[in-house]
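>>> sequence first, predicted coordinates after that:
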Amino acid sequence: MISEERQKIKHKGGRPRKVIRRTVTSLRLTEIELYVIKNKASKAGLRVTTYIRQMAINGKITARLNEEERQFVRELVGIANNINQLTKKGHQEGLLTAVLHFEKYRKIIDNLLEKLR
């Protein structure tokens, strides 16, 4: 009797099952239609399935970032990399050299953030 109770309680492990589960449905598209949907989903910054689901329910998609904002983010990432290199250089050569370089990047960051606002 104890072993029967343990078998009922025993969990398989892994991720718990979702309370609300989406059922599998199919959507038939031509290659051109799929290409257009993929492009629109990528411009909105969404996965294709999320894009289709939101379009079916809401009828419109609000993009996360437009192309100009994505370019600003790319520039900020590049500047962050440069700042990391400056930190390394500051540890190697002294902080005064790194501070002078950092001021140049700080001004660029301030300009980018102002444009994003």
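That came through, no problem.
>>> can we go C-alpha only for contacts and neighbour counts from here?
Fine.
>>> residues in contact with stretch 76-94: which ones?
Stretch 76-94 is contacted by residues 96-99, 101-102, 105, 109, 112 when judged by CA atoms under 8 Å, 6 or more residues apart in numbering.
>>> top of these by neighbour count?
Neighbour counts for the contacts of stretch 76-94 peak at Ala98, which has 19 neighbours (criterion: other CA atoms under 10 Å).
>>> could you measure from that one over to Asn81?
Per CA to CA, to the nearest Å, Ala98 is found 14 Å from Asn81.
>>> in this protein, which spans are helices?
Per DSSP state H, the chain carries helices over the ranges 2-9, 31-44, 48-58, 67-93, 95-116.
>>> who does the last one touch, helix- and strand-wise?
In this case it means helix 95-116. helix 67-93 (3 or more CA pairs under 8 Å, 6 or more residues apart in numbering; DSSP states H and E).
>>> break the chain down into its domains, please.
Using automatic domain parsing, the domain parsing of the chain gives 27-64, 67-116.
>>> what is the least confident helix or strand in the chain?
Here the helix or strand of the chain ranked lowest by mean pLDDT, DSSP states H and E is helix 2-9, holding a mean of 56.
>>> fine, thanks again, bye for now.
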